[in-house]
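Novice: Predicted structure and sequence below. I'll ask about it afterward.
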Amino acid sequence: MAIKKPRVLLLEDDPYFFELYGNRLRGGNFEVFSEADEDEGLKKALAEKPDVIILDISLPKEDDFSFIANLKKYPEVSSIPVIILTDLEDEDSRKRGLALGARDYLVRNEVSFADIMEGIRKANEDKK
């Protein structure tokens, strides 16, 4: 029996990180769905029901944290773990993201890619 690859929705609007993280996750044996804005990301989450969502909270359209609040409105996807991956290092943003229900809050320059992949694996295992 084949082992199921964890399914990750990557929401990232920076083309560099969009490509970098998408490629590295695929190479790390994850199935990756990518979107660059909140609206399309929510549609993709509802359609694909990924195991974990990686969220850049500096997306272009709405308040940075609106994606999490919008996701929680849909019971079929509300329990998907969301890991925030951002450049925002301030404690208020960290507290806000976690209070809204994010599983983790990672600052890009404070974590390695191995840390990100481990966070995804742990979030996926914990939800089982």
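Specialist: On my side now, so go ahead. Residues are numbered from 1 along each chain as shown.
Novice: drop to CA atoms for contacts and neighbour counts, all remaining ones
Specialist: OK.
Novice: all strands of the chain, in order?
Specialist: 7-11, 31-35, 52-55, 82-86, 104-107 (DSSP state E).
Novice: Please point out which parts of stretch 69-86 sit buried.
Specialist: Residues 71, 72, 77, 78, 80, 81, 82, 83, 84, 85, 86 are the ones in stretch 69-86 that count as buried (16 or more other Cα atoms under 10 Å).
Novice: okay but the third one is in contact with residue 45, surely?
Specialist: Read it as residue 77. Yes. At 7.0 Å, residue 77 and residue 45 qualify as touching, with contact defined as Cα atoms under 8 Å.
Novice: So for these two, which residues contact both of them?
Specialist: Common neighbours of residue 77 and residue 45 are not found (criterion: Cα atoms under 8 Å, 6 or more residues apart in numbering).
Novice: re earlier: highest average neighbour count across the strands of the chain?
Specialist: Greatest average neighbour count among those goes to strand 52-55 (a mean of 27), per mean count of other Cα atoms under 10 Å.
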